[in-house]
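J.: From the sequence below, what's the structure:
(chains A and B)
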Protein chains: 2
Amino acid sequence: MPRLVGIDLGGTSIRAALATGPTSYAERVVRRFTPAWAGPSAVIAACAAAARDAAGGTPDGVAIGIPGPLDPESGVVFAAPHLPGFEDLPARDMLSEAAGCPVAIHNDSNLAGYAEWAAGMGRRARTFVFVIVGTGIGGAVIIDGTLLVGTAGTAAEVGHVPWSPDGPSCGQGHVGCLEGVASGTGIARRAAVALAAGEASQLREVRPLTASAIADAARAGDALARRIYDDAARALGRSFGALVNILGPDAIAIGGGIGSNVDLLEAPIRAAMAEIAFETPLRRCRLGQAELGSDAGLVGAVAWAVRTFDRDPGPAPAART
Amino acid sequence: MPRLVGIDLGGTSIRAALATGPTSYAERVVRRFTPAWAGPSAVIAACAAAARDAAGGTPDGVAIGIPGPLDPESGVVFAAPHLPGFEDLPARDMLSEAAGCPVAIHNDSNLAGYAEWAAGMGRRARTFVFVIVGTGIGGAVIIDGTLLVGTAGTAAEVGHVPWSPDGPSCGQGHVGCLEGVASGTGIARRAAVALAAGEASQLREVRPLTASAIADAARAGDALARRIYDDAARALGRSFGALVNILGPDAIAIGGGIGSNVDLLEAPIRAAMAEIAFETPLRRCRLGQAELGSDAGLVGAVAWAVRTFDRDPGPAPAART
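T.: Prediction:
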């Protein structure tokens, strides 16, 4: 097997690992801080060093997941909120030159979703949707084994769909979209707005006012916290209902920190899906938690490196169980 | 070329034509009334007779567009609101037996969208979305030449996506969905509700209160009519924005009677798309009127017959201009 490396690039850390199979990697994972403050060239150099370290020399190919909208075909990153200077950046060619080998870039949520399809909750699904609900909301759509990328490489932005024309805007300025009400940022902001408006709640004593703390308050019976999570769940469920109607997936996997609050979210998500989705495709769609957790990004990058650069990858991941 | 027939089955009429090329048909189009009241067997028999008439004998293959959710793989129609008795009906096998040849069935909006991709506004688009806004709202999604059908065969139901959690329900009971506010039925219903609530409007004098009459009133400056069309346009635009984010289409084509009100709808649709869509994929997505009009259903059925049953169909439609 060629020496293929997957890299999960985040705003604070870089993880790199050597592929040992279609969706597996060597035990030793290289970890480095992301020198985000030092600009793109320094970040790319750190990624190249991590790749060489993981491969024990020059790799034969690298796939990297990057947290922002990008075009995998042209290799250009349009923007990356947590990586200053990653704007219209030819990241693929820069990393290829620095690492001395061919490189493939992809959106990090897309690769995490690919991992869930290849080795996680979505195994063998013909049409699979992955939704990661954390600070923001991202996702991936895989149809017949192909990651949907669209005309600009940015498809599967499932967090930016209509919730309500009167709803709050998300951090990226979309008016009344899902992310504004169901992301960690959106949940915290809604609580802050309600408290500033004088609403009674035990959240008034909470510092810092995080989505996680609000979830705890909802569990403890706080009415405001409960309403905010109910709205988040209903918004997620209605959006999932739309995905069922548009794509007809076999499975939808929810991941991310917010998405893991199964006790608060699952029942109202299912109820809200039925508000929007047609009965037959809804019945045929499994809904469940993503299985790979924070490992999904690295598994996805490794799997993508193998898929892209290994000429004899063995049986397709979809055939594995 | 084998004798391949396309059929456009509607609630009131059947049209059938013989294919003369990948997206063209013979000048003589067979038309019959749909004996909907007489039940499925009579409707299927009428379709078979029309197919034989169009082919001048037993056809070598038939493709038929049916107005309702169905599974093209199993050949079963789940429901067809305007065709009583079409419930869990094995329509493909019934028509195949009646016509004496292999048959393919598909949703009529899907085939109309396929026609727009093969020979209309979406020519050569890699990812194409067709939205037909008439009495209801339907559509089609074509990715790399393949009609998206999903796990139940019912994908591309782009009319049933969230508008507002407080919005009216559509005719199929989906709470606050696009169809409830932007379809012909939804537009007429909203006007009736506002008038019943006592709102001042010149619509009070209008009989019958159709979406078309409301469009005329909007053009004449009636505030209620204008607001109803503005809401419809904003709902369509926000939904199109979601499609841009999820699918990244090269082109979105709008068809149907309501969709043809370009003067009322186009500007607010474009403005609302920008509320939701990311800039890069939005810039790369053409938006325009469907080109084939009421011919799309028959062109699509013919094209689907050729694609399904002609072993030597020549160059793919996508390569044609």
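
J.: which residues touch residue A:86?
T.: Going by C-beta atoms under 8 Å, 6 or more residues apart in numbering or on different chains, residue A:86 touches A:40, A:43, A:66, A:68, A:77, A:79, A:80. Glycine gets a C-beta too; all of them are placed from N, C-alpha and C.

J.: Next, give phi and psi for the second one.
T.: Put plainly, it is residue A:43. Phi and psi for residue A:43, reported as degrees, to the nearest 10, are phi -60, psi -40.

J.: tell me which element residue A:132 is part of?
T.: strand A:127-133 (DSSP states H and E).

J.: Same question for residue A:235.
T.: Using DSSP H and E, residue A:235 sits within helix A:223-247.

J.: The helix or strand just after that helix near chain B at all?
T.: Using DSSP H and E, the helix or strand that follows helix A:223-247 towards the C-terminus is strand A:251-255. No. Taking C-beta under 8 Å from any C-beta of the partner chain as the criterion, strand A:251-255 and chain B are apart, separated by no less than 8.9 Å.

J.: and the stretch 51-200 of chain A, which residues reach chain B?
T.: Taking C-beta under 8 Å from any C-beta as the criterion, the stretch 51-200 of chain A approaches chain B at residues A:69, A:78, A:126-127, A:141, A:143, A:148-158, A:160-166, A:172, A:174-177.

J.: Could you find the closest non-adjacent residue to the residue of the stretch 51-200 of chain A at minimum distance from chain B?
T.: Distances between the stretch 51-200 of chain A and chain B by C-beta to the nearest C-beta are smallest at residue A:150, namely 1.4 Å. In space, residue A:150 comes closest to residue B:248 once its chain neighbours are excluded; the distance is 1.4 Å by C-beta to C-beta, 6 or more residues apart in numbering or on different chains.

J.: Okay, helices next: where are they in the stretch 201-321 of chain A?
T.: For the stretch 201-321 of chain A, the helices defined by DSSP state H, counting those that start in this stretch occupy A:211-219, A:223-247, A:262-276, A:279-283, A:296-309.

J.: which one of those helices is the most hemmed in?
T.: Comparing the helices of the stretch 201-321 of chain A by mean neighbour count (mean count of other C-beta atoms under 10 Å in any protein chain shown), helix A:296-309 comes out on top with a mean of 27.

J.: between that helix and strand A:127-133, what angle do the directions make?
T.: 140 degrees (axes from the mean of the first three to the mean of the last three C-alpha atoms, to 10 degrees).

J.: can you give me the offset of helix A:296-309 from its chain's centre?
T.: Relative to its parent chain, helix A:296-309 has a centroid offset of 14 Å by C-alpha atoms, centre = their mean, to the nearest Å.

J.: the inter-axis angle of that helix versus strand A:251-255?
T.: Using the same axes, to 10 degrees: helix A:296-309 against strand A:251-255 is 130 degrees.

J.: Am I right that residue A:59 is in contact with residue A:51?
T.: Yes. With contacts counted by C-beta atoms under 8 Å, residue A:59 reaches residue A:51, the gap being 5.3 Å.

J.: Now the common contact residues for these two.
T.: Shared contacts of residue A:59 and residue A:51 (C-beta under 8 Å, 6+ apart): A:5, A:99, A:101.

J.: Adding secondary structure and pLDDT, write the contacts of residue A:86 out as JSON lines.
T.: Shown next, in JSON lines, are the contacts of residue A:86 (DSSP: H, G, I helix; E, B strand; the rest coil; pLDDT from 0 to 100):
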{"residue": "A:40", "secondary structure": "helix", "pLDDT": "98"}
{"residue": "A:43", "secondary structure": "helix", "pLDDT": "98"}
{"residue": "A:66", "secondary structure": "strand", "pLDDT": "97"}
{"residue": "A:68", "secondary structure": "coil", "pLDDT": "91"}
{"residue": "A:77", "secondary structure": "strand", "pLDDT": "96"}
{"residue": "A:79", "secondary structure": "coil", "pLDDT": "91"}
{"residue": "A:80", "secondary structure": "coil", "pLDDT": "91"}
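
J.: Next up, the contacts around residue A:209.
T.: By C-beta under 8 Å, 6+ apart, the residues touching residue A:209 are A:188, A:191, A:192, A:195, A:203.

J.: How far away from the center of its chain is stretch A:293-307?
T.: Going by C-alpha atoms, centre = their mean, where stretch A:293-307 is centred and where its chain is centred differ by 12 Å.

J.: pull the CA atoms of it into PDB?
T.: Provided in PDB are the C-alpha atoms of stretch A:293-307 (Å, rounded to 0.1, in the frame of the first residue of the first chain):
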ATOM      1  CA  GLY A 293     -17.500  11.100  17.100                       C
ATOM      2  CA  SER A 294     -14.500  13.500  17.000                       C
ATOM      3  CA  ASP A 295     -12.600  10.800  15.100                       C
ATOM      4  CA  ALA A 296     -14.800  11.200  12.000                       C
ATOM      5  CA  GLY A 297     -12.700  14.000  10.500                       C
ATOM      6  CA  LEU A 298      -9.500  12.100  10.600                       C
ATOM      7  CA  VAL A 299     -11.100   8.800   9.400                       C
ATOM      8  CA  GLY A 300     -12.700  10.700   6.500                       C
ATOM      9  CA  ALA A 301      -9.400  12.300   5.500                       C
ATOM     10  CA  VAL A 302      -7.600   9.000   5.600                       C
ATOM     11  CA  ALA A 303     -10.400   7.300   3.600                       C
ATOM     12  CA  TRP A 304     -10.400  10.100   1.100                       C
ATOM     13  CA  ALA A 305      -6.600   9.800   0.600                       C
ATOM     14  CA  VAL A 306      -7.000   6.100  -0.100                       C
ATOM     15  CA  ARG A 307     -10.000   6.600  -2.400                       C
END
